[in-house]
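Would you be able to build a 3D model of this:
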Amino acid sequence: DSAATPAVPYKNSGQPQAPQGVSVEPGNTDIHLTWNVADGASSYQILRSESGGSYAVVADGIEATDYTDKGLSNGTAYQYAVIAIGDKGASLPSEVVKGIPAPVIIVAQNGTGDYKTINDAIQAAPDNSALTTIIKVKNGTYKEKVLVPSSKMNISIFGESREGTVLINGDSAKTIGSDGKEMGTSGSYTLKVAATDFTLENMTVENSAGRDAGQAVALYAEGDRGVYRNVKLLGYQDTLFADKGRAYFVDSHIEGTVDFIFGNSAAVFENNVIQSAGAGYVTAPSTATGKPGYVFINNRLTASEGVAAGTVDLGRPWREYGSSTFINTEMGAHIRATGWHEWYEGRSKTARFSEFLSYGEGANAASRYSWSKQLTAEEAAAYTIEAVLGGSDGWNPQQSKILVGQEQIPAVHVSSITVTGKDGISSIESKG
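Here you go, the predicted model:
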């Protein structure tokens, strides 16, 4: 490895700040980028790298805050960064985002898409495909019970908007199925994902069975390497069944009452709002011994109006060795001072319940049960997304926060910037 080059501090002389909030939406042979307005910018420049190679300018003088890169190859990974251009020079590059274009199926209830139902679109996706199929769902309320079977791997479903694209069904564990028997908890789902490499974004999934229906699952996330971003999961008891496969929930809203996040998955919950709609328990893990269970990083635990203070526990062990860990979590007054529940006498001997840097009215380390744990900084640092979800294949679904490296950036419209490259921090001097 080459030695790090000393950094030359970036001198801001009125240049715009680097664009923030850059995101991509892959399409069929295209990728649509959006970003937030950068103060002082009159235009933007788009940089693209293909499969990790050098960056090239693919668009310049863009005055809007979005751009569609067309004519791409489906299945190829493209990386992008955006630079803001102002009267006094160029900004630093934005953080890098990645997108992979793929064939697209459109779902629209009014008949303007390829299919009117989500189920039909899933059935149309190829079986056992190594390439991703994208399903874009237009706004609407889709009253369906949806299964993504194990053969439908590599499917990404994007709703038009989280609040406007709603998948809803009202089965409970007591609902009688087509075989004349009760469906049971695992059969009560609105959406079940059994396939690997599944992504869901910008959609509400709701079980409408009601507060008094008992167990009624909104999302049954069973497949391995599942990513759920900017989704809203609504229900009461057993809203989210995260079981078997690894899963990552980020920038989302999860709501329920009793055991509303339960199962044995290795799952990371990052930057979510987790809302209690009544008294109960947030988690009910059934983690196998030696497995990491549920890990919550930078979340907010809130309560619906009318939920009394001190009526919700962080979790109770559904099975021996159940594991839930809360790191840097804001906890509302609805969280009970003792924090946890043993469920069955003696189960606290194997339960693995821990916290680090909880804050807010519901954070009360001194009053927590002695059989729960307050982590040290060193112990908490071990709960990285990669450590929890990496498994044998090194899976890390977190969107990387990368800056364009010195050897990659083209010398166009850049005056003087400092960036972080693979081999350390270095400076770039260039004139456009």
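
is residue 135 in a bridge, and if so with what?
Bridge pairing for residue 135 (DSSP bridges) gives the partners residue 105, residue 157.

Please tell me how far it sits from residue 194.
Here residue 135 is placed at a distance of 16 Å from residue 194 (Cβ to Cβ, to the nearest Å). (C-beta placed from N, C-alpha, C; glycine too.)

Give the buried residues for the strand ranked longest in the chain.
Longest among the strand segments of the chain by residue count, using DSSP state E, is strand 273-285. The neighbour-count check on strand 273-285 (16 or more other Cβ atoms under 10 Å) flags 274, 275, 276, 277, 278, 279, 280, 281, 282, 283, 284, 285 as buried.

quick one: strands adjacent to that strand?
Counting by DSSP bridges, strand 273-285 is paired with strand 253-263 (parallel), strand 300-303 (parallel), strand 312-315 (parallel).

how about those in CSV, adding mean neighbour count and mean pLDDT?
Below are the strands paired with strand 273-285 laid out as CSV (neighbours: other Cβ atoms under 10 Å; pLDDT from 0 to 100):
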stretch, mean neighbour count, mean pLDDT
strand 253-263, 25, 98
strand 300-303, 20, 98
strand 312-315, 26, 98
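
Tell me what the residue nearest the centre of the chain is bridged to.
With distances taken as Cα atoms, centre = their mean, the chain has residue 250 as the residue nearest its mean C-alpha position (2.8 Å). Residue 250 forms beta bridges with residue 229, residue 270, as assigned by DSSP bridges.

hang on, isn't it packed against residue 231?
No: the criterion here is Cβ atoms under 8 Å, and residue 250 misses it with residue 231 at 9.3 Å.

As a check, name the ranges of all helices in this protein.
Taking DSSP state H as the criterion, the chain carries its helices at 118-124, 377-381, 385-389.

What is the burial count for residue 213?
20 (other Cβ atoms under 10 Å).

how far away is it from residue 170?
Plainly put, residue 213 is 8 Å away from residue 170 if you go by Cβ to Cβ.

now do residue 275
For residue 275, the distance to residue 170 - Cβ to Cβ - is 20 Å.

Now for the residue nearest to the centre of the chain: which residues touch it?
227, 228, 229, 230, 269, 270, 271, 272, 398 (Cβ atoms under 8 Å, 6 or more residues apart in numbering).

Let me know how buried the second one is, in neighbour terms.
Read it as residue 228. 28.

cool, the fourth one as well?
The burial metric for residue 230, expressed as a neighbour count using other Cβ under 10 Å, is 18.

Quick one, grab the pLDDT at it.
Looking at residue 230, its pLDDT stands at 96.

swap in the first one?
At residue 227, the pLDDT value in this model is 98.

who's in contact with the closest residue in space to it that isn't next to it in sequence?
Nearest residue to residue 227 in three dimensions, chain neighbours excluded: residue 199, at 4.5 Å (Cβ to Cβ, 6 or more residues apart in numbering). Residue 199 is in contact with 155, 156, 157, 226, 227, 228, 229, counting by Cβ under 8 Å, 6+ apart.

so which pair among those residues is furthest apart in space?
155 and 229 (14.4 Å; Cβ to Cβ).

Look at those two and report which has more neighbours.
Shown here are residue 155 and residue 229; by other Cβ under 10 Å, residue 155 has more neighbours (25 against 20).

I'd guessed that one sits against residue 132; true?
Yes: if you go by Cβ under 8 Å, residue 155 and residue 132 touch, sitting 7.2 Å apart.

Please enumerate the shared neighbours of these two.
Shared contacts of residue 155 and residue 132 (Cβ under 8 Å, 6+ apart): residue 197.

Quote the end-to-end distance of stretch 236-250.
The stretch stretch 236-250 measures 20 Å between its terminal residues, going by Cα to Cα, to the nearest Å.

Please apply the same query to stretch 350-359.
Distance across stretch 350-359, first residue to last, is 26 Å (Cα to Cα).

With stretch 199-218 instead?
16 Å.

for that stretch, which positions count as buried?
199-209, 213-218.

what's the distance between residue 76 and residue 158?
19 Å.

more crowded one of these two?
residue 158 (20 against 13).

In contact with that one, which residues?
With Cβ under 8 Å, 6+ apart, residue 158 has these contacts: 25, 134, 135, 136, 137, 201, 202, 203.

of all these, which comes closest to residue 313?
Comparing the contacts of residue 158 against residue 313 with Cβ to Cβ places residue 203 closest, at 29.1 Å.

If the closest one is in a bridge, with which residues?
Beta-bridge partners of residue 203, as defined by DSSP bridges: residue 231.

Mind checking the helices of the chain for the one nearest to residue 178?
Using Cβ to Cβ, the helices of the chain put helix 118-124 closest to residue 178, at 15.3 Å.

Off-centre distance for that closest one?
Here helix 118-124 is found 23 Å from its chain centre; the criterion is Cα atoms, centre = their mean, to the nearest Å.

Spatially nearest residue to residue 124, not counting backbone neighbours?
Residue 124 sits nearest to residue 105 (Cβ to Cβ, 6+ apart), 5.9 Å away.

Tell me if I'm right that the one you found and residue 135 touch.
Yes: between residue 105 and residue 135 there is a contact at 4.9 Å, judged by Cβ under 8 Å.

the more surrounded of those two?
residue 135 (24 against 21).

residues in contact with residue 351?
317, 320, 321, 322, 323, 340, 342, 371, 372.

Closest to residue 98 out of the residues you listed?
Among those, residue 323 lies closest to residue 98 (Cβ to Cβ), at 31.1 Å.

Now do the contacts for the closest residue to the closest one other than its chain neighbours.
Residue nearest to residue 323 in three dimensions, not counting chain neighbours: residue 293, with 2.9 Å by Cβ to Cβ, 6+ apart. Counting by Cβ under 8 Å, 6+ apart, residue 293 makes contact with 264, 266, 267, 285, 287, 322, 323, 324, 325, 352.

show me the contacts for the residue nearest to residue 124.
Contacts of residue 105 (Cβ under 8 Å, 6+ apart): 113, 114, 115, 121, 124, 125, 133, 134, 135, 136.

if I pick residue 84, what's in contact with it?
The neighbours of residue 84, taking Cβ under 8 Å, 6+ apart as the test, are 15, 16, 17, 18, 19, 38, 40, 41, 43, 44, 90, 91.

Need the per-residue pLDDT for it.
Value for residue 84, per-residue pLDDT: 97.

just the one 4 residues further on next, same as before
Residue-level confidence at residue 88 comes out at 90, pLDDT.

do the same with residue 400
52.

Where does pLDDT dip in the stretch 301-432 of the chain?
399-432 (pLDDT under 70).
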